[in-house]
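>>> Build me a model from this:
(one chain, ligands or ions: 2)
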Amino acid sequence: MASVVELSARYANFLVHPLAPGVGVCQICRGPARPGYSTCRRCHEAGDVLGVGVADVVVPISLALKNGQYANELWRYKNTHGPQRAHFLMGLAAVMWRFLAAHEPCIAAHCAVPGFDTVTTVPSTSGRAEHPLRAMAATVVGATRDRYRELLSATPAAAALGRTTSADRYVSTAVWGKNVLLIDDTWTTGNHAQSAAAALRAAGAHRVAVVVLGRHLNPAYGDTTEHIDRAQLRRFSWEVCPLRNGAHS
Ligand SMILES: [Zn+2]
Ligand SMILES: [Zn+2]
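Numbering: from 1, shown residues only. Ligands and ions are numbered 1, 2, ... in the order given. Sure, this is the predicted structure:
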């Protein structure tokens, strides 16, 4: 069987490190922020609505550019079937595994906890019976499967919420005092992941860190083009730390 390093190798050709927080970069989701603002509009709204319910940290592994290879795979692993789905699911699982093996300790340190005792996923919204993301974290990824718990479910109110962030979107099983690694595949507005973080917190979680496979961006949106061009100047490397400056040895 192919190793995690082998399965993830090809991704280094097209993964894109998110820009570090700073001028024009949202300090939460790493998307574009207007000059003079530390967060994008969506993250600002989430903070307004959820207050202390928002995640302690959001860590996108890579940008996922609309119509690009990575965004494509993030779509295909959910929306194709049979061998094609399995191929992309294994590839993305290897990305998740390799990234967490290198950087989960940095995420824990950032949250000032020794580690995350619990791993869970943002529930699928499509209502489909299979949950490829859950399968990935609960059974495929060796770095998460032993800690995986299915905690979150959509509330009856969720359907009517549309694209808004809300503490009423999900409900979680009690997780008193646990430090939770919350995994999602794609971050577009962040409303699902932040709503899920708020539900975990309401259920007693101490720290909640969100790791997303892809921070979705549409290069066709005005100032997003420049943001992406800037990010693409840096070559992808598995050792580049999303939370510390530079790489680790
Ligand atoms: Zn943001
Ligand atoms: Zn690191």
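
>>> For the rest of this, base every contact and every neighbour count on C-alpha atoms.
Fine.

>>> Report the separation between Asn245 and Val95.
From Asn245 across to Val95, the span is 21 Å (Cα to Cα, to the nearest Å).

>>> Pull the number of nearby residues for Val141.
A count of nearby residues for Val141, using other Cα atoms under 10 Å, gives 21.

>>> Isn't it up against Gly91?
No. Counting by Cα atoms under 8 Å, Gly91 is not a contact partner of Val141; they are 10.6 Å apart.

>>> how about the residues of the protein that lie near ligand 1?
Contact residues (Cα under 5 Å from the ion) of the chain with ligand 1: 26, 29, 40, 43.

>>> Who wins on neighbours among those?
Highest count within the residues of the chain next to ligand 1 by other Cα under 10 Å belongs to Cys29, 25 neighbours.

>>> how would you label the closest residue to that one other than its chain neighbours: helix, strand or coil?
Closest residue in space to Cys29, ignoring its immediate chain neighbours: Val58 at 6.1 Å, by Cα to Cα, 6 or more residues apart in numbering. Following DSSP: H, G, I helix; E, B strand; the rest coil, Val58 is assigned to strand.

>>> in the sheet, who's paired with Val58?
Val210 (DSSP bridges).

>>> give the contact list for it.
The contact partners of Val58, by Cα atoms under 8 Å, 6 or more residues apart in numbering, come to 28-29, 209-212.

>>> List the residues that contact the spatially most central residue of the chain.
Centroid-nearest residue in the chain: Val212, 1.3 Å away (criterion: Cα atoms, centre = their mean). For Val212, the contacting residues are 58-61, 183-187, by Cα under 8 Å, 6+ apart.

>>> Just give the closest residue to His216, not the sequence neighbours.
Ala64 (4.5 Å).

>>> And Val122, by the same measure?
Asp184 (5.6 Å).

>>> How about Tyr170?
Among residues not flanking Tyr170 along the chain, Ala154 sits closest, at 4.4 Å (Cα to Cα, 6+ apart).

>>> One more: Glu104?
Gly115 (8.0 Å).

>>> for Gly47, same thing?
Using Cα to Cα, 6+ apart, the closest residue to Gly47 is Val54 (6.5 Å).

>>> Is any residue of stretch 233-243 near ligand 2?
Yes. Part of stretch 233-243 sits near ligand 2 under the criterion Cα under 5 Å from the ion, namely Cys241.

>>> Show me which residues of that stretch are buried.
236, 238, 240-243 (16 or more other Cα atoms under 10 Å).

>>> where's the nearest residue to Ser124 once chain neighbours are set aside relative to Asn79, distance?
The shortest distance from Ser124 to any non-neighbouring residue, by Cα to Cα, 6+ apart, is to His131 (6.5 Å). For His131, the distance to Asn79 equals 11 Å [Cα to Cα].

>>> Give me the more crowded residue out of those two.
Higher neighbour count among His131 and Asn79: His131, with 15 against 11, using other Cα under 10 Å.

>>> Now for the more buried one: which residues touch it?
78, 123-124.

>>> Remind me what whatever helix or strand the residue nearest to Val122 lives in packs against, helices and strands.
In the assignment (DSSP states H and E), Asp184 maps to strand 179-187. Applying 3 or more Cα pairs under 8 Å, 6 or more residues apart in numbering; DSSP states H and E, we find strand 179-187 packed against strand 118-121, helix 191-202, strand 207-217.

>>> Could you give the separation of it from the chain centroid?
Here the centre of strand 179-187 is set off from its chain's centre by 5 Å, with Cα atoms, centre = their mean, to the nearest Å.

>>> what does stretch 118-136 give?
That offset, for stretch 118-136, works out to 13 Å (Cα atoms, centre = their mean).

>>> those strands in the protein, which residues are they?
Remark: strands assigned in the chain by DSSP state E are 57-65, 118-121, 152-154, 170-172, 179-187, 207-217.
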